[in-house]
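*Asks:* Give the three-dimensional model of this entry:
(chains A and B)
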Amino acid sequence: MTAIQECTWVAVCPLEAVPLGAGVAALLPDGTQVAIFRTEESVYALSNVDPFSGAAVLSRGILGDRGGVPVVASPMHKQCFELATGQCLDDPEVRVAAYPVRIADGTVEVGGP
Amino acid sequence: MRTLVVAGHGMVAHRLVEAVRAGDSDWRVVVLAEESRPAYDRVALTSYVDGWDAAALALPGADYAGDPMVELRLGDPVVSVDREQRLVRTEAGFEQAYDALVLATGSKPFVPPVPGHDLPGCFVYRTIEDLDAIREAAGKAGRGRRSAMVVGGGLLGLEAAKALRDMGLSPHVVEMGPRLMPLQVDDGGAGLLRDLVTALDVTVHTGTSTNSIEADGDRLLAKLANGTELDLDLVVFSAGIRPRDDLARSSGLEVGERGGVLVDNRCRTSDPAVYAIGECAAVENRVYGIVAPGYAMAEIVAAQLLGGDAEFGEQDMSTKLKLLGVDVASFGDAHAATEGAREVAFADSIDGYYKKLVVSEDGKTLLGGVLVGDASQYTMLRSFVGRALPASPGSMLAPSGGGEGVGVDALPPDAQVCSCNGVTKADITGAILEHECTDVPKIKACTRAGTACGSCVPMLAKLLDSCGVEQSKALCEHFSFSRAELFEIISATRITTFGELIGRHGTGTGCAICKPAVASILATLGNGHILGGEQATLQDTNDRFLANIQRNGSYSVVPRIPGGEITPAKLKVIAEVAEEFGLYTKITGGQRIDLFGATVDQLPLIWRRLVDAGFESGHAYGKSLRTVKSCVGSTWCRYGVQDSVGMAVELELRYRGLRSPHKLKAAVSGCARECAEARGKDFGVIATENGWNLYVGGNGGTTPRHARLLVSDVDSETLFRTIDRFLMFYVRTADRLQRTAPWLEEMEGGLDHLRDVIVNDSLGICDELDAAMQKHIDSYADEWRGVLEDPEKLARFTSFVNAPGTPDPTISFRVEREQKVPVLLGMPEVAAR
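*Replies:* Numbering: from 1, shown residues only, chains lettered A, B, ... in the order given. The predicted structure is shown next:
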C-alpha cells in the first residue's frame, strides 16, 4: 500500500466513458499512453503500446480470460496480456507496464510515478 | 574449453550450431559469416517479394542472443585457413584459433560466360541483397511493358520467374534442356507445367541458350541461340549453383572431382580437424543442392563433436514446391532409371494436373513419381517409396478416392512422414501414445515433424485420428461446442447476447476466439447494428472500428464499389477525400480503392464524406462478403455472352454485409475466357450461351483451390436461389475461420452431397435457408451510416478518452513515390529477439 500512496493520481475520465467489457486509450501528462479496461469486477490500466508491433493499440483488444485470469488480446497478433500485471501469457519474457488505477467520485484515476 | 569455428552462416550452419549447443559440451562456438544478417530461410527467399520484410525470413534463435557460448560475427568472412597453426583469418584481419573448423560456405550461383553477363541489369538470385538489387532495377521507370529474362528453367529459375512476376515484370525463362525442371520432372509433367506457367504470363523458351546480352540504351537486348531476340529491363541468372570451395583449395584440402570440399560419409575433410557441410561439401564426391541433406550433414558433424558418431546415408531427394502457384512434386526414382521400372501416368489437361508413378516390374513396389498441378497425394505416396503399394498404381492415382482413400493405417511404421526432418510414422505415433502429444502443435514441438515445409501437417492430424486421439472441435476453453453447434444453439434458443450465452452454455468470460465467433453468428442471425450494445465489445478490432487496422495502428477505409463499376463523379469524391485526409491510395486486387493511413478519430469524418456521396461500407474489415469481381462482359467485350457486370453488381448488393466464418469472395466472368478468375473464388459464376455456370469452393491465399462446378446453364433466378442456399448452409455449418474449400472437402459426400442438400432439398431445409437469406437481404443497412447516425457509437471513435482532439503521436508517415506510407515503429522491447 505504501507504494500506491506515494503515486500522483491523474484523473482520466468518468467511469462511464470506459465501456463495460472493453477498453479506451488515455494520454497522461508526460505523453505516456495508457489503456484503461473495465470488467464486471474491476478497472485496469496497462501501457497502450503493443510490444510486439510497437503500435499503440492495446486499448482496442478483446477482453476475456485465460484459465480464469483476466486478459486482453492484442488486436495486432492476438498475444494475451494479464490485465492485473501486464505479463504476456504467450511469451514469458514480455511484459507491458501496469499502472495503479482507482475510482474516486466516479472518476477513473491512474497513478503515475 | 574447446573452440569450434564455423565459416559461414546459412541454414545448415545454423542447424549445426543449434545441434552443438543442444548437447552438453564445452564447445565455444565462433561463427564467421559473410552476409550482414544472421542465417535466414533461404528456401523461402522468393516469399521475400511478398512484403519485403527480411524479418519474416529470420530463423528462430539464429542470433544466439543470450547464449554466452556462441559468438556470431556478421559481415566478416573467413579468407584464409592456417591448418598447421589451426587458425583462421577473416577479411577484416581478425584471427581466430580453432580446435575444430567446419566449412559451411555454401554455394554461389553459376553464371554462364555469356558475353554481356556482367552488364548493369544482370543479376543472380541467391540472397536478400540480390532480391533488393533486382527490386531496385525492376522499379526504375521505363517505357512500355517491363520484361525480364531468367536464365535457367530449373527449380530456382522458376522461383526467380515468380519473384519477377510478383514485381510486375513479364518474365521469359530460357532453359537449355528440352523441358522445364529437367532434373525433377518428366516430359509429361513438364509439358503441363509449361502450359500452367505460360498461362501466368511467363514465356518459356526451352532447348535453346543465350548467345549474348547487349546494352541497348538503358535496356538490355538478349539474343538466343534459336534466333529469338528479347528486349529486356533486366536479366537474372539462376542456372544452377557451384560449391564455394575456395577456402579448401587455398588451404590445401582435397576437393571433389567436380568441385566441392571433399569429405567422407562423416563429413570429414582430408584434415581431421576440419569438416565441411551443406552445399560447399562433396560427400564422397557428390554435392547436394537442397537443404535436407545439409541438415543431415550438420547433425552428423554435431554428433561427432559431441563425442558420438553418425554417418551420411542415402538421401531422399524428393521435392515438393509451389512454383508460380503450381504444385510440383518429384520423389524417388522419378525418371524410371531402375531396371525394368514401369510407369503409370494420369493426365487431365482440363483440370490441369499430371500424375505419374514409377513402379517395379511386377507393378507392386513404388519406386518414385511425379505430380504436377495437384500434389495433395505427395506425402502419402512418398512414404510408400520402396514398399509394396496397398492398391494398384492406377487406383492410387485415380482422381476420386484412390490415394486419398488409402489411410495412414496402411503406412508401415518406418515410413518417413516428414522428410525435411526425417521423422517416421513410428516416431509420431510414439509421440502421441507415449509422450501424450494430443494435438498437432505438441507433435511438432516433440518430434520437429511439420516444422520445415509443413506439407505433412495434414498427415499429423490423420495420425492423431488413427491413434484414437479425438481432436476437440471445441471453439476455445470457454465453449465445448464447435461453431456449427453454437450456431444451432443461438438460433434455437434465440439468445441475443454473449453474456447470456456464456452464462448458460459456457464458462469464464470469453476470449478473442469465442467473442468474435459469437458476434459473427449474432450478426448473421440479424441482431441489429454490429456495434449495438454489448456486441461492440465482442468484435475484432476491424469490425469494432469498421475499418482495417494496419501495422502502425492506423486504419484503411474501403468503400464498396459493386462489381468494380464506378462513376467519374464518385471517383472524384474518393480522390478529394484522399487528398483532404492525406490518405495513401491504392487500387486493390478486388476492383476497389483502398484508402490507407486514417486515424481512429478521422474515420467518421471520412465516412461522412463518402456516405454523403452515395458510398457505403465495403466490409473490407469483416469476415463477410468482400467483392464480386467482374470482367466487362457482353456490354463491351467482343467475346462476352452475358452481362457479367450487371450480375456482379446484383450479387454484391444481395450479399453485402452477410457475416460468415471467413471472408467471402466471388466473381462473375462474361464468357469461358474467365477474365474475372471466378474459379478462384468461394463462388464463381461463368456465363454460358444458355445462362450461368456456378462454381463453388475456390480460393486464393496460401492454399489455392479451383472452385468446382455445382450447377450449369441455369437462369438468373435459379442462380440467386442456389447461391443463397449455398452461403446460408456454409455460414451455419462451417468451423470458425474455415473457408468454403476445406468446408466442402470435409463434408461427407462432398460436392454431390452439397448439390443434394441445396438443389434437391434432401434434408428439407431449403425453405429455412431461403427465408434466412431473405431476412438478411431485407434487413441490410450500411454500417458506416449506422455509426454516423448514433452519437453513442460515434463517441468511441476518438484517439484518447481524455484528449479527443489529439492524434496518436506514435503514428507518423513519410513520403514514398509521392504518397505517404507509415514510418515503421521502433520495437525496443521485443524486436531484438
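
*Asks:* what's around the residue nearest to residue B:94 when sequence neighbours are not counted, how many residues?
*Replies:* Excluding the flanking residues, the one nearest residue B:94 by Cβ to Cβ, 6 or more residues apart in numbering or on different chains is residue B:76, at 6.3 Å. Just so you know, the C-beta spots here come from the backbone N, C-alpha and C atoms, and that holds for glycine as well. Per other Cβ atoms under 10 Å in any protein chain shown, the neighbour tally for residue B:76 reads 15.

*Asks:* report the longest helix in chain B, please.
*Replies:* Longest helix in chain B by number of residues (criterion: DSSP state H): helix B:716-733.

*Asks:* helices and strands around it, which ones?
*Replies:* Under the contact criterion of 3 or more Cβ pairs under 8 Å, 6 or more residues apart in numbering or on different chains; DSSP states H and E, helix B:716-733 touches helix B:483-493, helix B:644-655, strand B:683-688, strand B:691-696, strand B:708-714, helix B:740-746, helix B:750-758, helix B:766-779.

*Asks:* Can you lay out the ones you listed as CSV showing mean pLDDT?
*Replies:* As requested, the helices and strands packed on helix B:716-733 are exported to CSV (pLDDT from 0 to 100):
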stretch, mean pLDDT
helix B:483-493, 90
helix B:644-655, 96
strand B:683-688, 95
strand B:691-696, 96
strand B:708-714, 93
helix B:740-746, 89
helix B:750-758, 91
helix B:766-779, 94
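
*Asks:* so which of the ones you listed is the most packed in?
*Replies:* Comparing the helices and strands packed on helix B:716-733 by mean neighbour count (mean count of other Cβ atoms under 10 Å in any protein chain shown), strand B:683-688 ranks first with a mean of 25.

*Asks:* quick one on the thing from earlier: kindly present the helices and strands packed on helix B:716-733 as JSON lines, with separate columns for distance to chain A.
*Replies:* Output for these, formatted as JSON lines (distance: least, Cβ to the nearest Cβ, whole Å):
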{"stretch": "helix B:483-493", "distance to chain A": "16"}
{"stretch": "helix B:644-655", "distance to chain A": "26"}
{"stretch": "strand B:683-688", "distance to chain A": "29"}
{"stretch": "strand B:691-696", "distance to chain A": "30"}
{"stretch": "strand B:708-714", "distance to chain A": "33"}
{"stretch": "helix B:740-746", "distance to chain A": "21"}
{"stretch": "helix B:750-758", "distance to chain A": "32"}
{"stretch": "helix B:766-779", "distance to chain A": "25"}
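
*Asks:* show me the contacts for the one residue in the stretch 201-350 of chain B that gets nearest to chain A.
*Replies:* Per Cβ to the nearest Cβ, residue B:322 is where the stretch 201-350 of chain B lies closest to chain A, at 24.8 Å. With contacts defined as Cβ atoms under 8 Å, 6 or more residues apart in numbering or on different chains, the neighbours of residue B:322 are residue B:328.

*Asks:* Mind putting the helices and strands packed on helix B:716-733 into TSV with distance to residue B:567?
*Replies:* What follows is these, written out as TSV (distance: least, Cβ to Cβ, whole Å):
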stretch	distance to residue B:567
helix B:483-493	39
helix B:644-655	13
strand B:683-688	24
strand B:691-696	27
strand B:708-714	31
helix B:740-746	32
helix B:750-758	36
helix B:766-779	24
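
*Asks:* Any idea which of those gets closest to residue A:112?
*Replies:* The minimum distance between residue A:112 and those falls on helix B:483-493, with 43.1 Å, by Cβ to Cβ.

*Asks:* ok and that closest one relative to helix B:716-733, angle-wise?
*Replies:* 100 degrees (axes from the mean of the first three to the mean of the last three Cα atoms, to 10 degrees).

*Asks:* burial of the residue of chain A found nearest chain B, as a residue count?
*Replies:* Of all residues in chain A, the one sitting closest to chain B is residue A:54 (3.0 Å; Cβ to the nearest Cβ). The local packing of residue A:54 (other Cβ under 10 Å) involves 21 other residues.

*Asks:* and if you look at residue B:290?
*Replies:* Every residue meeting other Cβ under 10 Å relative to residue B:290 is counted, giving 16.

*Asks:* right, and it touches residue B:317 too?
*Replies:* Yes - with contacts counted by Cβ atoms under 8 Å, residue B:290 reaches residue B:317, the gap being 6.9 Å.

*Asks:* can you pull the pLDDT of the residue of the stretch 201-350 of chain B closest to chain A?
*Replies:* Per-residue pLDDT puts residue B:322 at 71.

*Asks:* hey, what's it bridged with?
*Replies:* residue B:327 (DSSP bridges).

*Asks:* and if you look at residue B:28?
*Replies:* residue B:3.

*Asks:* Tell me if I'm right that it and residue B:3 touch.
*Replies:* Yes - here residue B:28 reaches residue B:3: they are 5.1 Å apart, a contact under Cβ under 8 Å.

*Asks:* And the lowest mean pLDDT element among the helices and strands of chain B?
*Replies:* Within chain B, no helix or strand scores below helix B:402-405, which has a mean of 40 by mean pLDDT, DSSP states H and E.

*Asks:* Tell me which strands the next helix or strand after that helix pairs with, and in which orientation.
*Replies:* Downstream of helix B:402-405, the next assigned helix or strand under DSSP states H and E is strand B:416-418. Take DSSP bridges as the rule and strand B:416-418 pairs in its sheet with strand B:423-424 (antiparallel).

*Asks:* contacting residues around the strand it pairs with?
*Replies:* With contacts defined as Cβ under 8 Å, 6+ apart, strand B:423-424 is touched by B:413, B:414, B:415, B:416, B:417, B:447, B:448, B:449.

*Asks:* and chain B, what are its domains?
*Replies:* The record's domain parsing of chain B by automatic domain parsing lists B:2-107+B:243-305, B:122-239, B:414-469, B:483-539, B:544-779.

*Asks:* And the ones you listed, which one averages the lowest pLDDT?
*Replies:* domain B:414-469 (a mean of 80).

*Asks:* The nearest residue to residue B:203 once chain neighbours are set aside: what secondary structure?
*Replies:* Of all residues beyond its chain neighbours, the one nearest residue B:203 is residue B:172 (4.6 Å), with distances taken as Cβ to Cβ, 6+ apart. Per DSSP: H, G, I helix; E, B strand; the rest coil, the local secondary structure of residue B:172 is strand.

*Asks:* Dig out what residue B:172 forms beta bridges with.
*Replies:* Bridge pairing for residue B:172 - DSSP bridges - gives residue B:149, residue B:203.

*Asks:* Surely it touches residue B:148?
*Replies:* Yes - under the criterion of Cβ under 8 Å, residue B:172 makes contact with residue B:148 at 7.1 Å.

*Asks:* out of those two, which sits in the more crowded spot?
*Replies:* When residue B:172 and residue B:148 are compared for neighbours, residue B:148 comes out ahead with 27 against 22, by other Cβ under 10 Å.

*Asks:* contacting residues around the more buried one?
*Replies:* Residue B:148 touches B:138, B:164, B:169, B:170, B:171, B:172, B:232, B:233, B:234, B:235, B:236, counting by Cβ under 8 Å, 6+ apart.

*Asks:* Make a markdown table from the residues you listed and add secondary structure to it.
*Replies:* Output for these, formatted as a markdown table (three-state DSSP):
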| residue | secondary structure |
| --- | --- |
| B:138 | helix |
| B:164 | helix |
| B:169 | coil |
| B:170 | strand |
| B:171 | strand |
| B:172 | strand |
| B:232 | strand |
| B:233 | coil |
| B:234 | strand |
| B:235 | strand |
| B:236 | strand |
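
*Asks:* between these, which is nearest residue B:646?
*Replies:* For the contacts of residue B:148, the nearest to residue B:646 is residue B:170 (32.4 Å; Cβ to Cβ).

*Asks:* Could you find the closest non-adjacent residue to that closest one?
*Replies:* Nearest residue to residue B:170, sequence neighbours excluded (Cβ to Cβ, 6+ apart): residue B:147, at 4.6 Å.

*Asks:* quick one: the one you found from chain A, how far?
*Replies:* According to Cβ to the nearest Cβ, to the nearest Å, residue B:147 stands 38 Å off from chain A.
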